[in-house]
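A.B. asks: I'd like to go over a predicted model; first the sequence, then the structure.
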Amino acid sequence: DTGVSQDPRHKITKRGQNVTFRCDPISEHNRLYWYRQTLGQGPEFLTYFQNEAQLEKSRLLSDRFSAERPKGSFSTLEIQRTEQGDSAMYLCATKDRDNQPQHFGDGTRLSIL
Amino acid sequence: GNSVTQMEGPVTLSEEAFLTINCTYTATGYPSLFWYVQYPGEGLQLLLKATKADDKGSNKGFEATYRKETTSFHLEKGSVQVSDSAVYFCALSEESGGSNYKLTFGKGTLLTVNP
């Protein structure tokens, strides 16, 4: 397995700009999760995909956030009109079966100027 | 809802000292419990897990026992090394239908081990 891959590792942008992150899962992992981790806190759940279907969204996922997984493989997370409060580490995790743990990527660190 | 409460850090120990990081949880169903470790600049790595009451998870000298009666999952290691310095997260996942197996994390505990 090559592991969960996230791109970019770091993103610095100005407030108000749009940003998009990508997550490539471990091959054949059909379940994909996005989490957000702010400094000094544990990760918080944002959204969940099973194959291409987005089955759950947290109330943390405001209407400026959108996530897709068009072919049930890679996923993208877009933030529109970024705000200072969006500065965080965005983590992607994937798993294959019910009783297996989630495997995390190294995350994308977003900094809003 | 579900929640996880971890011992506040930071924790600073000397090499070969005994480590305990306390973790308690609240869950509506029958969760699986996990410890994840995060090294600087990296994502989370699974350290160990337990899926039912009285299970003991173990890995790399770390252990934790699922205690349903006290809703706890404390992490222990008999002799820490400098390389164990990292942030440790306790987490739970509801394993019942409809939960989607999403993880609920504690705030993390920073461990620093000095030589």
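C.D. replies: Now that the structure is in, tell me what you want to look at.
A.B. asks: by proximity to chain A, which residue of chain B wins?
C.D. replies: Residue nearest to chain A within chain B: residue B:105 (3.2 Å; CB to the nearest CB). Bear in mind the C-beta positions are built from the backbone N, C-alpha and C, glycine included.
A.B. asks: quickly list what that residue is bridged to.
C.D. replies: On the basis of DSSP bridges, residue B:105 is bridged to residue B:91.
A.B. asks: what's the burial count for it?
C.D. replies: 22 (other CB atoms under 10 Å in any protein chain shown).
A.B. asks: and it, how far from residue B:115?
C.D. replies: 30 Å (CB to CB, to the nearest Å).
A.B. asks: ditto for residue B:78
C.D. replies: Taken as CB to CB, the span from residue B:78 to residue B:115 is 18 Å.
A.B. asks: who has more neighbours out of the two?
C.D. replies: Taking neighbours as other CB under 10 Å, residue B:78 and residue B:115 compare with residue B:78 leading, 11 against 7.
A.B. asks: any idea which element residue 35 lies in?
C.D. replies: All of this is about chain A. For residue A:35, the element it lies in under DSSP states H and E is strand A:31-37.
A.B. asks: sorry, should have said chain B
C.D. replies: Assignment of secondary structure by DSSP H and E places residue B:35 within strand B:31-38.
A.B. asks: can you tell me if that strand touches chain A.
C.D. replies: Yes: residues of strand B:31-38 are located near chain A by CB under 8 Å from any CB of the partner chain, namely B:34, B:36.
A.B. asks: right, and the helix or strand after that strand?
C.D. replies: Defined by DSSP H and E, the subsequent element after strand B:31-38 is strand B:44-50.
A.B. asks: quick check: buried residues in that following strand?
C.D. replies: B:44, B:46, B:47, B:48, B:49, B:50 (16 or more other CB atoms under 10 Å in any protein chain shown).
A.B. asks: and the gap between residue A:61 and residue A:54?
C.D. replies: 10 Å.
A.B. asks: what do those two both touch?
C.D. replies: Residues touching both residue A:61 and residue A:54 (CB atoms under 8 Å, 6 or more residues apart in numbering or on different chains): A:47, A:67.
A.B. asks: so the spatially most central residue of chain A bridges to which residues?
C.D. replies: Nearest to the geometric centre of chain A sits residue A:34, at 3.5 Å (CA atoms, centre = their mean). Residues in a beta bridge with residue A:34, per DSSP bridges, are residue A:47, residue A:92.
A.B. asks: circling back to that earlier point, quick check: angle from the strand holding residue A:35 to strand B:44-50?
C.D. replies: Per axes from the mean of the first three to the mean of the last three CA atoms, to 10 degrees, the angle that strand A:31-37 makes with strand B:44-50 is 110 degrees.
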